[in-house]
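Enquirer: Sequence isn't available, so here's the structure alone:
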């Protein structure tokens, strides 16, 4: 009986984790816990609007930029980008500034 309850709990927890992991990044500025990113609108050095995205996971900034720009964007600046297996606690969060194509 206890084994059945434990197995059911594990399955439910696994499904919840999978549901959170499979969500798409937000397409509007602000924090997005599902992709571990935060996007803000900034004015770039040329006086035009751009999107600054901070990310903690590898691929997080790229996925958020793709979602916000609907696929087409230009990278204006990139700092401290995370890679698999690096020491993110030492490195800190990555930051990228992008401008959507046609903007």
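Expert: Thanks, I have it. Everything numeric here is computed off the predicted structure, so don't read it as measured data. Numbers count the residues shown, from 1 in each chain.

Enquirer: rest of the way, CA atoms for contacts and neighbours
Expert: OK.

Enquirer: What's the first helix or strand after the helix or strand bottoming out on mean pLDDT in the chain?
Expert: In the chain, no helix or strand scores lower on mean pLDDT, DSSP states H and E than helix 2-21, which sits at a mean of 59. Once the chain leaves helix 2-21, the next helix or strand it forms, by DSSP states H and E, is strand 30-32.

Enquirer: where in the protein is pLDDT low?
Expert: Within the chain, the ranges that satisfy pLDDT under 70 run 1-24, 83-90, 103.

Enquirer: mind running it again at 50?
Expert: For the chain, applying pLDDT under 50 flags the ranges 16-19.

Enquirer: Residue 75: what's it in contact with?
Expert: Contact analysis of residue 75 by CA atoms under 8 Å, 6 or more residues apart in numbering lists 96, 97, 98, 99.

Enquirer: how about a markdown table for the residues you listed, with distance to residue 48, secondary structure and neighbour count added?
Expert: Compiled in a markdown table, the contacts of residue 75 are given as follows (distance: CA to CA, whole Å; DSSP: H, G, I helix; E, B strand; the rest coil; neighbours: other CA atoms under 10 Å):
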| residue | distance to residue 48 | secondary structure | neighbour count |
| --- | --- | --- | --- |
| 96 | 16 | strand | 20 |
| 97 | 12 | strand | 22 |
| 98 | 11 | strand | 26 |
| 99 | 9 | strand | 21 |
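
Enquirer: With distance to residue 29 added, can I get these in TSV?
Expert: Below are those laid out as TSV (distance: CA to CA, whole Å):
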residue	distance to residue 29
96	14
97	13
98	13
99	13
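
Enquirer: among those, which two are most distant?
Expert: 96 and 99 (10.1 Å; CA to CA).

Enquirer: which residues do the two both contact?
Expert: Counting by CA under 8 Å, 6+ apart, the shared contacts of residue 96 and residue 99 are 75, 76.

Enquirer: nearest to residue 57, of the contacts of residue 75?
Expert: Nearest to residue 57 among the contacts of residue 75, with distances taken as CA to CA, is residue 96, at 12.8 Å.
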